[in-house]
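predicted model, plus sequence, below.
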Amino acid sequence: MSDDKKLAIIATKGTLDWGYPPFILASTAAALGYETQIFFTFYGLQLLKKDLDLKVSPLGNPGMPMPMGMDKWFPVLGTTLPGMESMMSSMMKKKMASKGVASLEELRELCSEAEVKMVACQMTVDLFDFSPSDFVDDIEYGGAATFFEFAGESDICLFI
């Protein structure tokens, strides 16, 4: 067993806001010298698609701060209105850009450059009838056993 530190991440969410944690944590760990792997399964596979068109889902996300104090007066049911998801996604993207936060595409590229191993769950790829042409290059395909080989020796394992 190596003396190098290892970080294993399971990415299961495919929304704009849930896309940031695996890439930020993985790129930071790689910069700190960790051997890092992200296993993308179920909806997390959306993060590996060539064309990212991810949205924020305000529904079921009560901790999401909303502009103009809307989280205090805007009923949760209001987040189901047509167009609300697109509006909230647009607002989130603008807010992140105004604060200098890198895009998901930039963070994903940073992970690739930092040699973070990104593994697409083959079972989920098959389940949802995805094709390798749907995804970015520089990824691998494997199942749970592939992930456990690495995770079993990792110092830190995160489920996101």
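Structure received. Residues are numbered from 1 along each chain as shown.

hmm, Cys157 is touching Ala8, no?
Yes. If you go by CB atoms under 8 Å, Cys157 and Ala8 touch, sitting 4.5 Å apart. Quick note: C-beta positions are derived from backbone N, CA and C, even for glycine.

comparing the two, which residue is more hemmed in?
Ala8 (26 against 17; other CB atoms under 10 Å).

am I right that that one is in a helix?
No. Applying DSSP: H, G, I helix; E, B strand; the rest coil, one finds Ala8 to be strand, outside a helix.

show me the beta-bridge partners of it.
For Ala8, the beta-bridge assignment (DSSP bridges) gives partners Gln37, Cys157.

now it: how far from Ser154?
Shown here: Ala8 relative to Ser154, a distance of 4 Å by CB to CB, to the nearest Å.

mutual contacts of these two, please.
Each of Gln37 lies in contact with both Ala8 and Ser154 under the rule CB atoms under 8 Å, 6 or more residues apart in numbering.

immediately after the worst-scoring helix or strand of the chain on mean pLDDT, which helix or strand?
Confidence across the helices and strands of the chain bottoms out at helix 70-73, with a mean of 56, counting by mean pLDDT, DSSP states H and E. Next helix or strand after helix 70-73 toward the C-terminus (DSSP states H and E): helix 84-98.

what's the model's confidence in that next one, averaged?
On average, the pLDDT along helix 84-98 is 84.

what does the helix or strand following that helix contact?
In the C-terminal direction, the helix or strand that comes right after helix 84-98 (DSSP H and E) is helix 104-113. Identification of contacts with helix 104-113 by CB under 8 Å, 6+ apart yields 16, 19-20, 23-24, 26-27, 30, 36, 38, 47-48, 52, 54, 102, 118, 136, 138.
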